[in-house]
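Q: fold the following and give me the result.
(chains A and B)
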Number of protein chains: 2
Amino acid sequence: MRIGIVGGTGDIGEGMALRFAPFFDVIVGSREKEKAEASCGCSIDMLKKRGTECSLTGVSNQTAVDDADIVILAIPFKTLGGTLETLQGFENKIVVSPVNPMEKRDFFEFVPPPEGSAALMVQRMLPKSARICSAFNTIAANKWRALDESLTYSVPVCGDDTAAKRQVMEVVNRISNLQAFDAGPLAVSSLVESLTPLLLNIARYNRLKDVGIQFR
Amino acid sequence: MRIGIVGGTGDIGEGMALRFAPFFDVIVGSREKEKAEASCGCSIDMLKKRGTECSLTGVSNQTAVDDADIVILAIPFKTLGGTLETLQGFENKIVVSPVNPMEKRDFFEFVPPPEGSAALMVQRMLPKSARICSAFNTIAANKWRALDESLTYSVPVCGDDTAAKRQVMEVVNRISNLQAFDAGPLAVSSLVESLTPLLLNIARYNRLKDVGIQFR
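A: The predicted model follows:
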């Protein structure tokens, strides 16, 4: 299975690529192909030193969409709309949004777009045949990158296409100790996306770092 | 410390009373005092059979407010406003809202009042000197009552009055294995209250029961 990461050289994307590459063919996209190639070179070296075989290729964001079975939009909310406007070819693709629309004012707030959530905005912007899911919303960039630490978290996954959602949940369950939970249709994404500002507030007010969640 | 539970004979309130009574003087309020007395009689018997000493008194909702240091509003959102209109004497009291404004449509949705959250609505309705916190939002009624099970959950606590919030967090940390986390000012309550519809969706779509959360 080929996983394309749009924004694959960013904070979250780079760590995701490191975690996914031992299990899947990972295509790391960036606005600048050269940046993606350099990032993949470093990641391959890092994984090799750990004795881990991997499949990682640096490409443009558009190629990451074109060549992938599952496309992950690893971009901040503020550049989500602009980035999607520059890309095409999402027809029939599984598209995963880990995007959280939030702002830091006096505290971290959930500030959704008019559609109600980032995932629903993605759905509105992409072709009708694109199979949108939300997943990976609550895992901090530092945790993705900390390969010596296991990721022992619950991952709620939303989506309206049952087969697509099942495939995304299988991907989740391959990575470290992540456990996927079906959180229902895509419209539930607002409840999932609002977890992250809560977790950032919890971290801030309790002087913790990179707080995640488990359902139990 | 005297803890008054408004709605103390309801689904959540009765279980809370059972869990709190070994550690605090618990005043169980109900619209009908007789119902509160009967409920407390049963609870005292149940705890005695387990060899647990406790302090539990059945009273009216108004007396539960009047005689308590900390008042917990263990009532559903749909009767919250109506109940608060019948009560007075909240001046300078610590008032805890575990209330979650939500509805079950195709799935469980967060449906906040115009104030943005149940806790902020409580703040608007009560006197300025009342010290409102939100806490205990995500613990299921069945779990409160299941005395043989430990409550191993995280409890986010919001509030603008630091001393009140600290006292509520101390109460949380006395109960079973609950662990309080400062989630910030009262305005963060919407993020906390929207956890519960998410957890209900998680339970529903994964055929689980009474799902709770842990931060880690």
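Q: now do the strands in chain A.
A: Counting by DSSP state E, one finds strands in chain A at the ranges A:2-6, A:25-30, A:55-60, A:70-73, A:94-97, A:102-104, A:108-110, A:131-134, A:154-159, A:179-184, A:213-215.
Q: I'd like these as a markdown table, with mean neighbour count and distance to chain B appended.
A: To be clear about C-beta, it is placed using only N, CA and C from the backbone, and glycine gets the same treatment. As requested, those are exported to a markdown table (neighbours: other CB atoms under 10 Å in any protein chain shown; distance: least, CB to the nearest CB, whole Å):
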| stretch | mean neighbour count | distance to chain B |
| --- | --- | --- |
| strand A:2-6 | 25 | 24 |
| strand A:25-30 | 27 | 27 |
| strand A:55-60 | 22 | 29 |
| strand A:70-73 | 27 | 20 |
| strand A:94-97 | 28 | 16 |
| strand A:102-104 | 15 | 10 |
| strand A:108-110 | 21 | 6 |
| strand A:131-134 | 28 | 12 |
| strand A:154-159 | 27 | 6 |
| strand A:179-184 | 23 | 4 |
| strand A:213-215 | 19 | 5 |
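Q: A:D106: neighbouring residues, count only.
A: Number of residues near A:D106 (other CB atoms under 10 Å in any protein chain shown) recorded here: 9.
Q: from B:G159, how far out is it?
A: 14 Å (CB to CB, to the nearest Å).
Q: try A:M169
A: 37 Å.
Q: what about A:M125, how many neighbours?
A: Using other CB under 10 Å, A:M125 is surrounded by 16 other residues.
Q: one more: the one 3 residues further on?
A: Taking other CB under 10 Å as the neighbour definition, A:K128 ends up with a count of 6.
Q: also A:W144?
A: Look at A:W144: counted by other CB under 10 Å, it has 25 neighbours.
Q: hang on, it packs against A:M16?
A: Yes: contact status for A:W144 versus A:M16: in contact at 5.5 Å, counting by CB atoms under 8 Å.
Q: what is the mean pLDDT for stretch A:103-114?
A: The pLDDT scores in stretch A:103-114 average 97.
Q: can you list contacts of that stretch?
A: Applying CB atoms under 8 Å, 6 or more residues apart in numbering or on different chains, the external contacts of stretch A:103-114 come out as A:100-102, A:118, A:120-121, A:190, A:193-194, A:196-198, A:200-201, A:204, B:184-185, B:187-188, B:190-191.
Q: got the contact list for A:P22?
A: A:P22 touches A:47, A:52-54, counting by CB under 8 Å, 6+ apart.
Q: same question but for A:M125, I mixed them up
A: A:M125 sits next to A:81, A:84-85 when contact means CB under 8 Å, 6+ apart.
Q: and these, which of them are buried?
A: A:L84 (16 or more other CB atoms under 10 Å in any protein chain shown).
Q: the residue nearest to A:Q62 when sequence neighbours are not counted - how many residues pack around it?
A: Excluding its sequence neighbours, the residue lying closest to A:Q62 (CB to CB, 6 or more residues apart in numbering or on different chains) is A:L87, at 5.8 Å. Residues near A:L87, counting by other CB under 10 Å, number 19.
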